[in-house]
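Undergrad: let's see this in three dimensions:
(one chain, ligands or ions: 1)
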Amino acid sequence: MIRLSAFRWVPPFAQGLVRDLRVRWALEEAALPYEVMLIGFEDQKSDSYRKMQPFGQVPAIDDDGLVLFESCAIVMHLGERSQALMPGDEPARARVRTWMLAALNTIEPPIMMLNYIDMQPDGARAGAREVRDSIVAWIGMRLDNLAAFLGDREHLVEGRFTAADLLMTTVLRILRTTDLVSQRPTLEAYKQRHEARTAFQKALGDQLAAFAKHAPPKQ
Ligand SMILES: N[C@@H](CCC(=O)N[C@@H](CS)C(=O)NCC(=O)O)C(=O)O
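TA: Presented below is the predicted three-dimensional model:
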């Protein structure tokens, strides 16, 4: 049985965005049985967890002795096991992998820069404001490219849901505190279409349920 690591609790700003969600969602789509191994921040530096995830991050999986980390690598691995995530023929699979990497290598990096700036207490101070504006413009350009590619398409590849849509949707969700996606109707509809999937709702519900159960007592 696959074991997946996830945080027991994170602050509200991160809830629903932690990257084990990608793996939970993929596992739900593929209908593969799994169990979740909840860890605390104190476990991140432990020798035993670093053997699973060298950077102490989540997610990681142990698939009957095969230990993997990096959400993209894990979702690709699951895609090898289920056509719910990747089509059967190799050219189509290559196209899915291309868009999986585009989501994480082309769209996500500037989004994470913005995320980092917005998490800083002094993020809006002089200097940071100009950097922030240029990153917002960079993200906007990438999102416009993505919206132009999508056009009337409901999905990125092969006219069906694939692991590429799964990763892209989780990347777009990171922008939930901005209007960068919501002001682009093609992308907002794309994101909502995939968030409406039963497997996504189950994955999200399970992640949030763990956080609710392990929330620290209110001061
Ligand atoms: N590239 C990694 C990033 C993993 C990552 O950033 N995980 C975050 C949670 S979403 C984490 O564990 N943060 C805690 C830390 O970096 O110490 C992946 O996609 O799996």
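Undergrad: just list the residues touching D118, thanks.
TA: Going by CB atoms under 8 Å, 6 or more residues apart in numbering, D118 touches 132, 177. All C-beta atoms are positioned from the backbone trio N, CA, C, and that covers glycine.
Undergrad: can you name the next helix or strand after the helix or strand containing it?
TA: Assigned by DSSP states H and E, D118 belongs to helix 108-119. Going down the chain from helix 108-119, the next helix or strand is helix 128-150, by DSSP H and E.
Undergrad: how about the residues of the protein near the ligand?
TA: Selection of the chain residues close to the ligand by CB under 6 Å from any ligand atom yields 18-19, 44, 56-59, 70-71.
Undergrad: the same query, at a cut-off of 5 Å, please.
TA: Counting by CB under 5 Å from any ligand atom, the chain comes close to the ligand at 18-19, 57-58, 70-71.
Undergrad: hang on, the earlier thing: how far off centre is the helix holding D118?
TA: How far helix 108-119 lies from its chain's middle: 14 Å, per CA atoms, centre = their mean, to the nearest Å.
Undergrad: burial measure for R8, as a count.
TA: 16 (other CB atoms under 10 Å).
Undergrad: roughly how far apart are P185 and E195?
TA: Using CB to CB, to the nearest Å, we find P185 at a distance of 15 Å from E195.
Undergrad: give me the three-state assignment for the spatially most central residue of the chain.
TA: Ranked by distance to the mean C-alpha position of the chain (CA atoms, centre = their mean), the top residue is T170 at 3.8 Å. Three-state call for T170 (DSSP: H, G, I helix; E, B strand; the rest coil): helix.
Undergrad: hmm, V23 and it touching each other?
TA: No: with contact defined as CB atoms under 8 Å, T170 does not reach V23; the gap is 10.2 Å.
Undergrad: quick one, grab the pLDDT at W25.
TA: Per-residue confidence for W25 comes out at a pLDDT of 98.
Undergrad: give me the number of neighbouring residues for it.
TA: Neighbours around W25, by other CB under 10 Å: 29.
Undergrad: cool, and N145?
TA: 13.
Undergrad: cool, P121 as well?
TA: Using other CB under 10 Å as the criterion, the residues surrounding P121 number 6.
Undergrad: residues in contact with it?
TA: P121 touches nothing, counting by CB under 8 Å, 6+ apart.
Undergrad: contact partners for L32?
TA: Contacts of L32 (CB under 8 Å, 6+ apart): 2, 78, 81-82.
Undergrad: in space, what's closest to the residue nearest to the centre of the chain - neighbours in sequence excluded?
TA: The shortest distance from T170 to any non-neighbouring residue, by CB to CB, 6 or more residues apart in numbering, is to R22 (5.1 Å).
Undergrad: just the strands in this protein please.
TA: 2-7, 34-39, 60-63, 66-69 (DSSP state E).
Undergrad: in JSON lines, list the ones you listed along with mean pLDDT and distance to F161.
TA: Formatted as JSON lines, those follow (pLDDT from 0 to 100; distance: least, CB to CB, whole Å):
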{"stretch": "strand 2-7", "mean pLDDT": "98", "distance to F161": "21"}
{"stretch": "strand 34-39", "mean pLDDT": "98", "distance to F161": "20"}
{"stretch": "strand 60-63", "mean pLDDT": "98", "distance to F161": "21"}
{"stretch": "strand 66-69", "mean pLDDT": "98", "distance to F161": "23"}
